[in-house]
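1. Attaching a predicted model along with its sequence, questions to come.
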Amino acid sequence: MQYAFQLLPHPNVRYQSALEKLGKAELQCMLLALDVFTEPRVESIGGTPFLTFECSALNEKALEQLSFLSSVYLWTRRDGEALIPLARPRERYLPEEMAEVLKYKGKTNAAFTSLMLNLARSQSAFFHEKRPLTVLDPLCGKGTTLYCALAQGMHAVGLDRDRKDLKEAMDFVNRSLQNQRIKHSLVQGSRSVPKGPAVPEATYTLADTREHYQAGDTRTLRFLLGDTRQVGLLMRKTPVELLVTDLPYGVQHAPEDGGRPESFETLLRKALPAWREAVRPGGAMALSFNSYTLTKRHLSAWAQEAGWLPKLDSPLDDLEHYVEQAVNRDVLICYRQ
């Protein structure tokens, strides 16, 4: 069977090229996780870029997994010269616009965030898990990673030390759930930390339909106000399967207190072991970063020191791409042994 997946169009020619590379890597990782051994390629059909590959007919479960590809606009199979559209076997759990609507300086593109989620999931031992996975963003800001995770039907936990950002995130979630009439509840409390003050916590329980909510088939969205270096202690009783975060790029996220550039290195090297403790064995981590200010070689070494297993083989070895003049973004995927 021959398949052709149309890539999302992008107005920026330079990023369109990056999208082709990233989309191909994402698809290949997902196919390998499905035990489908084939080499996708980028092909122009009618002047439009497609990801094409050939394999045995994919079953509904495999197509369901591939329905969350971040860079694909249309799923088709080939029949001679014709392209036959495939019905999307699984719709988004929550509307995708939740990750798109809230705009703020330094926000990571929602499609790219979904790509990181898919790469992390494909490298974890939980890819075929039937129950919903839980995603942690230990530097969540205003929550883009969390909304992308919810759209895929996963539970989401976000931690940040910026009270203002978390308040804005919660205000946005409250408005979105109310405007879209999504059945939910909110409980506010705290989590205890050994030898430290309690950490404020807000937990939303929600569902895609009223019937699912009433039946207890729900998802949770948690916000924690605290230090990312404490996340291992905070999550010790409820470790997650995936950790996905966008590291500060050193542009708009630069410290306002005049701290030296190496201060972020110190924070990161202390955080990586804590992040590992927050993830279940067999889980995976995806980190995006600015390669102009942080090299993949250094980040991989620090992750390995913290007990992570960096995944540096193809196609995960070529994810670097241009974003803007001061940002050249790359991604590191690690396995939690």
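-> That came through, no problem. Numbers count the residues shown, from 1 in each chain.
2. In a helix, Ala4, correct?
-> No: secondary structure of Ala4 (DSSP: H, G, I helix; E, B strand; the rest coil): strand, not part of a helix.
3. my read: it touches Thr52, true?
-> Yes: with contact taken as CB atoms under 8 Å, Ala4 and Thr52 are classed as touching, separated by 4.8 Å. Bear in mind the C-beta positions are built from the backbone N, C-alpha and C, glycine included.
4. Common neighbours of these two, please.
-> Glu43, Ile45, Arg78 (CB atoms under 8 Å, 6 or more residues apart in numbering).
5. Can you flag the buried ones in the residues you listed?
-> Buried members of the shared contacts of Ala4 and Thr52, counted by 16 or more other CB atoms under 10 Å: Arg78.
6. could the shared contacts of Ala4 and Thr52 be laid out in JSON lines, adding distance to Lys142 and pLDDT?
-> JSON lines is the format used below for those (distance: CB to CB, whole Å; pLDDT from 0 to 100):
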{"residue": "Glu43", "distance to Lys142": "38", "pLDDT": "96"}
{"residue": "Ile45", "distance to Lys142": "38", "pLDDT": "95"}
{"residue": "Arg78", "distance to Lys142": "42", "pLDDT": "96"}
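7. Now render the shared contacts of Ala4 and Thr52 as a markdown table, adding distance to Leu136 and secondary structure.
-> What follows is the shared contacts of Ala4 and Thr52, written out as a markdown table (distance: CB to CB, whole Å; DSSP: H, G, I helix; E, B strand; the rest coil):
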| residue | distance to Leu136 | secondary structure |
| --- | --- | --- |
| Glu43 | 37 | strand |
| Ile45 | 39 | strand |
| Arg78 | 40 | strand |
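8. what about the residue nearest the centre of the chain, which helix or strand?
-> The chain has Leu117 as the residue nearest its centroid, 3.0 Å off, counting by CA atoms, centre = their mean. Per DSSP states H and E: Leu117 is located in helix 110-122.
9. Output the helix or strand just after that helix as PDB, restricted to C-alpha atoms.
-> Downstream of helix 110-122, the next assigned helix or strand under DSSP H and E is strand 134-137. Taking C-alpha atoms only, strand 134-137 is exported to PDB below (Å, rounded to 0.1, in the frame of the first residue of the first chain):
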ATOM      1  CA  THR A 134       0.500  12.100  31.600                       C
ATOM      2  CA  VAL A 135       2.800  14.800  30.300                       C
ATOM      3  CA  LEU A 136       4.800  17.100  32.500                       C
ATOM      4  CA  ASP A 137       6.200  20.500  31.500                       C
END
